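[1] Okay, here's the prediction I keep looking at, along with the sequence it came from:
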Amino acid sequence: MDVTNGLDSTYGISDDELTNDVNINILRAHARKEKIMCSIAIEIPNEVLYDTKQSRESAADTARKVLAMYYYVKEDVSIGYCAEIAGMSESEFIELLGKNEIDIFRFNNEAELDRDIANA
């Protein structure tokens, strides 16, 4: 979904101006050593929360952890960033991966594994 759709006609902001403003804000935040985070909202029927006996907070916590594991496994995002997404320390995130039988050691083939063992 394009979140910038219609900004030009509604607010007089072109996609290029929006992109430039976002880039400028990212550069400013980077210079101040600030983290820029994206916020995502999902809708979960209240019945699901009731049936699973989850509060909104625990459902949000679960969603963050599942998304972080997805990014780690499918998108090759680092453990550090995924831990941050999950709201955990790196060691806690590694434990979460282990509990979900997700290996933190990744090798594309046996030769790569053999090289790492030889270099250990």
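    Alright, I've got the coordinates. Note that the structure is predicted; figures quoted are calculated from it, not measured. Numbers count the residues shown, from 1 in each chain.

[2] Low-confidence stretches in the chain?
    For the chain, applying pLDDT under 70 flags the ranges 1-34, 107-108.

[3] 80 instead, please
    Of all residues in the chain, those with pLDDT under 80 make up the ranges 1-37, 106-117, 119-120.

[4] following the longest helix anywhere in the chain, which helix or strand comes up?
    Longest helix in the chain, counting residues (DSSP state H): helix 56-74. Sequence-wise, the next helix or strand downstream of helix 56-74 (DSSP states H and E) is helix 79-86.

[5] Show residues contacting that next one.
    For helix 79-86, the external contacting residues (Cβ atoms under 8 Å, 6 or more residues apart in numbering) are 35, 64-65, 67-69, 71-72, 77, 89-90, 92-94, 96, 104. Any C-beta I mention is one placed from the backbone N, CA and C, and that applies to glycine too.

[6] could you check the angle helix 79-86 makes with the longest helix of the chain?
    Angle between the axes of helix 56-74 and helix 79-86 is 160 degrees (criterion: axes from the mean of the first three to the mean of the last three Cα atoms, to 10 degrees).

[7] got the CA positions of helix 56-74 in CSV?
    The C-alpha trace of helix 56-74 is given here as CSV (Å, rounded to 0.1, in the frame of the first residue of the first chain):
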residue,chain,number,x,y,z
ARG,A,56,-3.7,-6.1,23.7
GLU,A,57,-0.2,-5.7,25.1
SER,A,58,0.6,-9.4,25.0
ALA,A,59,-0.8,-9.7,21.5
ALA,A,60,1.4,-6.8,20.4
ASP,A,61,4.3,-8.4,22.1
THR,A,62,3.6,-11.7,20.3
ALA,A,63,3.3,-9.9,16.9
ARG,A,64,6.6,-8.1,17.4
LYS,A,65,8.4,-11.3,18.2
VAL,A,66,6.9,-13.2,15.3
LEU,A,67,7.7,-10.4,12.9
ALA,A,68,11.3,-10.3,14.3
MET,A,69,11.7,-14.0,13.7
TYR,A,70,10.3,-13.7,10.2
TYR,A,71,12.7,-10.9,9.4
TYR,A,72,15.6,-13.0,10.8
VAL,A,73,14.7,-16.2,8.9
LYS,A,74,13.3,-14.9,5.6
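
[8] Give me the helices and strands touching it, please.
    helix 46-52, helix 79-86, helix 90-99 (3 or more Cβ pairs under 8 Å, 6 or more residues apart in numbering; DSSP states H and E).
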